[in-house]
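A.B. asks: mind folding the following:
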Amino acid sequence: MVVPLKKFPVNQRFETVSGDPTKAGGHYVIRIHAEPGYIIMPHTHPEDENIVVVKGSWAVGIGERFYRQALEPMEVGTYGFVPRKTAHFALSKTDTILQVHGVGRFTTQWVVPVHKLTDKGTFLETSAIEPGLAAPTSPTDRFALSLGTRVRGSYGDGVVVEAQCTPGQLTQYRIERPNSDYFWAQRDELNFPDALLT
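C.D. replies: Numbering: from 1, shown residues only. Reported below is the predicted structural model:
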């Protein structure tokens with residue numbers, strides 16, 4: 001069987017290439033898409049994770065708290081291994097596709113639950129695979145930028161369309177550019193030039 005690398009549709013972040021990652025004891029191959037600037041907060045998997053970068057530029061670090069200086073770069077063709085139940089985090093430096101393989105069940109458990117701000121409200125996620133639960137409140141002052149705010153970052157100009165907060169660590173914003181591509185940035189990586197605000 002041959003499964004060519006292809007562009008992921010907007011908002012699709014996961015693709016099963018072979019097997020069933022949800023089945024315990026079964027071999028699987030998946031591909032994961034990450035947009036430029038996206039930080040994958042500390043998380044664990046119940047089984048070993050084998051990672052190969054097939055597109056873009058990636059970086060991974062070990063620990064229960066995101067620490068930029070601990071990131072190890074991974075370019076196209078680089079293989080990485082994270083033992084089961086080991087807390088780790090990552091940064092997608094560019095538009096990136098990873099190919100991950102192993103023995104299931106493949107799940108992602110956040111070390112600290114993630115608050116997500118979307119156009120449908122605020123949600124609390126404990127796992128990257130299961131849908132988040134509606135959260136009546138969000139962490140105080142974590143979402144400084146509202147949806148629809150026009151910003152400029154290192155990946156270009158755009159509008160805030162989503163945000164994620166890991167309390168006590170960081171908040172990041174998903175920005176939609178005029179060409180309908182997306183990137184992520186933290187508040188201090190963004191500015192608000194007068195041309196965007198008028």
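A.B. asks: quick one: mean pLDDT over stretch 79-96.
C.D. replies: Average pLDDT, stretch 79-96: 97.
A.B. asks: what does stretch 13-30 give?
C.D. replies: 94.
A.B. asks: CA atoms only for that stretch, dumped as PDB, please.
C.D. replies: In PDB, the C-alpha atoms belonging to stretch 13-30 read as follows (Å, rounded to 0.1, in the frame of the first residue of the first chain):
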ATOM      1  CA  ARG A  13      -4.900  17.900  12.100                       C
ATOM      2  CA  PHE A  14      -4.800  14.100  12.100                       C
ATOM      3  CA  GLU A  15      -4.800  11.400   9.400                       C
ATOM      4  CA  THR A  16      -4.700   7.600   9.900                       C
ATOM      5  CA  VAL A  17      -2.300   6.100   7.300                       C
ATOM      6  CA  SER A  18      -2.400   2.500   8.500                       C
ATOM      7  CA  GLY A  19      -3.900   0.400  11.300                       C
ATOM      8  CA  ASP A  20      -6.100   1.800  14.000                       C
ATOM      9  CA  PRO A  21      -4.400   4.100  16.600                       C
ATOM     10  CA  THR A  22      -7.400   3.700  19.000                       C
ATOM     11  CA  LYS A  23      -7.000  -0.100  19.200                       C
ATOM     12  CA  ALA A  24      -4.900  -1.400  22.100                       C
ATOM     13  CA  GLY A  25      -2.000  -3.600  20.900                       C
ATOM     14  CA  GLY A  26      -2.400  -2.800  17.200                       C
ATOM     15  CA  HIS A  27       0.300  -1.300  15.000                       C
ATOM     16  CA  TYR A  28      -0.600   2.100  13.500                       C
ATOM     17  CA  VAL A  29       0.800   4.900  11.400                       C
ATOM     18  CA  ILE A  30      -0.600   8.400  11.600                       C
END
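A.B. asks: wait, a strand at Pro113?
C.D. replies: Yes: assessed by DSSP: H, G, I helix; E, B strand; the rest coil, Pro113 belongs to a strand.
A.B. asks: please identify the helix or strand for the residue lying closest to it once chain neighbours are set aside.
C.D. replies: Excluding the flanking residues, the one nearest Pro113 by Cβ to Cβ, 6 or more residues apart in numbering is Thr126, at 4.9 Å. For every residue, glycine as well, the C-beta is placed using N, CA and C. Under the criterion of DSSP states H and E, Thr126 resides in strand 121-127.
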